[in-house]
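Participant: Take a look and give me a structure for this.
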Amino acid sequence: MQTATSHDAPHGVRQVEIGPERDGQRIDNALMTLLKGVPKSMIYRLLRTGQVRVNGKRAKPDTRLADGDTLRIPPVRVADRPEERAPATGLVATVAESVIFENKHFLVIDKPAGVASHGGSGVSHGAIELLRAARPQEHLELVHRLDRDTSGVLVFARTRAGLTGLQAAIRAGEVTKQYLCLMLGHPSKAKFDVNAPLLKSVLQGGERMVRVADNGKPSLTFFREMEQYPSARLMQATLGTGRTHQIRVHAAHIGHPLAGDPKYGDREMNKRYREMGLNRMFLHASHMSFDLDGRSYSFSAPLPEDLKDFLDVLAVKGKRLVWMQEKSRTDF
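Facilitator: Residues are numbered from 1 along each chain as shown. Here you go, the predicted structure:
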């Protein structure tokens, strides 16, 4: 339920009562939905300057809303813009066909790369909007997120119990999340952990950047080698914590960034890999499992065809790439 109190309405301030559909949702994500058309940078500015409050208290971007909270939203001017277009029929169909599991509480998809988890920041329609368009009679909420270029297991809740239960399990570290990723170079061990605190910052314009810092949040990733390639290793990454960009930053921190990573990766190698057919970041959410209300859930998504095809090419052409790298070093 979302209502505005009459004494604030004339001044443009909204007092929104949070209903069960937003219980457990981060406030920045809620505001992106409630303030359609408002730039992401402005939403973070409102939060940073204390203009957004929950139950009378200042809220941070990662504040989580609860059923029954009162959310104060200040007046915000939104420039006139064309009426929002409906999502492309083909894209709706693609996401609708990616469903790999559904029951009373959950709906799970194998998210295609290139589809954001939700709209905002220049993206009109993410997976949640596309699914709602495909299933207009259903109530669906995004439980967690994947980066736009990351493919794989993405879970949506159909009920409040499913949403709050799984989000609580995620926060408690009771959910197993595993990814497949391609690390550049050859890590010295086939099995190792990266335990390095991560600090997130939001740049002007809303772009998120993460770095290893002593004053960051504790962050732990378990890496295990799956396959060897001439210039890289296919790794399984299991999350010990669930920080933003965790796998990507931890991989870069140890000197073996993910192939195709545009933000934390190796530009020269990314360029060479593009020439070999890798057109996106090599990161895939392959598995997620948890227990909830006496039932065990386990969802898996196989490596997509585009990534498998690239590994086949790498197995053949990777030797020449290594030779070229070694030759360039000896030429100096």
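Participant: V316 in helix, strand or coil?
Facilitator: Secondary structure state of V316, per DSSP: H, G, I helix; E, B strand; the rest coil, is helix.
Participant: Tell me the spacing between it and G277.
Facilitator: 11 Å (CB to CB, to the nearest Å). (C-beta placed from N, C-alpha, C; glycine too.)
Participant: and G19, backbone torsions?
Facilitator: phi -100, psi 180 (degrees, to the nearest 10).
Participant: tell me the pLDDT at it?
Facilitator: pLDDT for G19: 78.
Participant: Could you give the number of residues near it?
Facilitator: 15 (other CB atoms under 10 Å).
Participant: before we move on, what about F223?
Facilitator: Neighbour count for F223, taken as other CB under 10 Å: 25.
Participant: Identify the residues contacting it.
Facilitator: F223 makes contacts with 183, 187, 191-194, 235-238, as judged by CB atoms under 8 Å, 6 or more residues apart in numbering.
Participant: any idea how far the residue nearest in space to the middle of the chain is from Q167?
Facilitator: Nearest residue to the geometric centre of the chain (CA atoms, centre = their mean): L146, 2.5 Å. Per CB to CB, L146 is found 15 Å from Q167.
Participant: go on, V155?
Facilitator: 10 Å.
Participant: Show me which of those two is the more surrounded one.
Facilitator: Set V155 next to Q167 and count neighbours by other CB under 10 Å: V155 wins out with 24 against 20.
Participant: and the more buried one, what pLDDT?
Facilitator: Looking at V155, the pLDDT reads 97.
Participant: and if you look at the one 10 residues further on?
Facilitator: The model reports G165 with a pLDDT of 93.
Participant: ok, it - contacts?
Facilitator: Per CB under 8 Å, 6+ apart, neighbours of G165: 105, 292-293.
Participant: Mind checking which of the residues you listed land in strands?
Facilitator: L292 (DSSP state E).
Participant: can you list the domains in this structure?
Facilitator: As given by automatic domain parsing, the domain ranges for the chain are 9-73, 95-170, 173-332.
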